[in-house]
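Peer 1: can't give you the sequence, but here's the structure:
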Ligand SMILES: Nc1ncnc2c1ncn2[C@@H]1O[C@H](COP(=O)(O)OP(=O)(O)OP(=O)(O)O)[C@@H](O)[C@H]1O
């Protein structure tokens, strides 16, 4: 659904979340800043592209999803909710503004990832 929206996503609602802005795009799909209309909480929602060979059941066991679901650490964004809507999978995550990200993560992503997983 969102793929077709281009910049025309303002005010669109996924489940109970209203989209505010597009934060970026990674290998798995776009990430949106959104607000929970019930609580006012700001979140980041990642819309996962559907892989041709992959059902949503298979997506739920993707390494990223499995890892995030099991993690509870102050330095790692929390996965708050999984939503399947309009035949798409959305990961609702804690929103972390870019200024909250350590500069090493921007300058050297590989080292940052190693740092997270070794400390
Ligand atoms: N929880 C979040 N809070 C705030 N911004 C986020 C959050 N998650 C992702 N973003 C933003 O969305 C962009 C895309 O994130 P995403 O996780 O999809 O890809 P990536 O990690 O940058 O790249 P890749 O998936 O290729 O490794 C990030 O660069 C970041 O700017």
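Peer 2: Nice, thanks for sending it over. Given the structure is predicted, the values throughout are model-derived calculations rather than measurements.
Peer 1: when you work out contacts or count neighbours from here on, use the C-alpha atoms and nothing else.
Peer 2: Noted.
Peer 1: what's the first-to-last distance across stretch 27-40?
Peer 2: Stretch 27-40 stretches 29 Å from its first residue to its last (C-alpha to C-alpha, to the nearest Å).
Peer 1: whether that stretch contacts the ligand - can you check?
Peer 2: Yes. Stretch 27-40 reaches the ligand (C-alpha under 6 Å from any ligand atom) through 27, 28, 29, 30, 31.
Peer 1: across the sheet, point out what pairs with residue 43.
Peer 2: Taking DSSP bridges, one finds residue 34, residue 94 as the beta-bridge partners of residue 43.
Peer 1: what pLDDT does the model give it?
Peer 2: What the model reports as pLDDT for residue 43 is 96.
Peer 1: now the one 5 residues further on
Peer 2: The predicted structure scores residue 48 at 79 on the pLDDT scale.
Peer 1: ok, it to the ligand distance?
Peer 2: 9 Å (C-alpha to the nearest ligand atom, to the nearest Å).
Peer 1: count of neighbours near that residue?
Peer 2: 18 (other C-alpha atoms under 10 Å).
Peer 1: if I pick it, what's in contact with it?
Peer 2: 28, 29, 30, 88, 89, 90, 91 (C-alpha atoms under 8 Å, 6 or more residues apart in numbering).
Peer 1: what's across from it in the sheet?
Peer 2: Per DSSP bridges, the residues bridged to residue 48 are residue 89.
Peer 1: quick one on the thing from earlier: could you dump the residues of stretch 27-40 next to the ligand to a markdown table with distance to residue 13, neighbour count and secondary structure?
Peer 2: Shown next, in a markdown table, are those (distance: C-alpha to C-alpha, whole Å; neighbours: other C-alpha atoms under 10 Å; DSSP: H, G, I helix; E, B strand; the rest coil):
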| residue | distance to residue 13 | neighbour count | secondary structure |
| --- | --- | --- | --- |
| 27 | 23 | 7 | coil |
| 28 | 21 | 13 | coil |
| 29 | 18 | 14 | coil |
| 30 | 15 | 18 | strand |
| 31 | 14 | 21 | strand |
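Peer 1: I appreciate the help and will end here.
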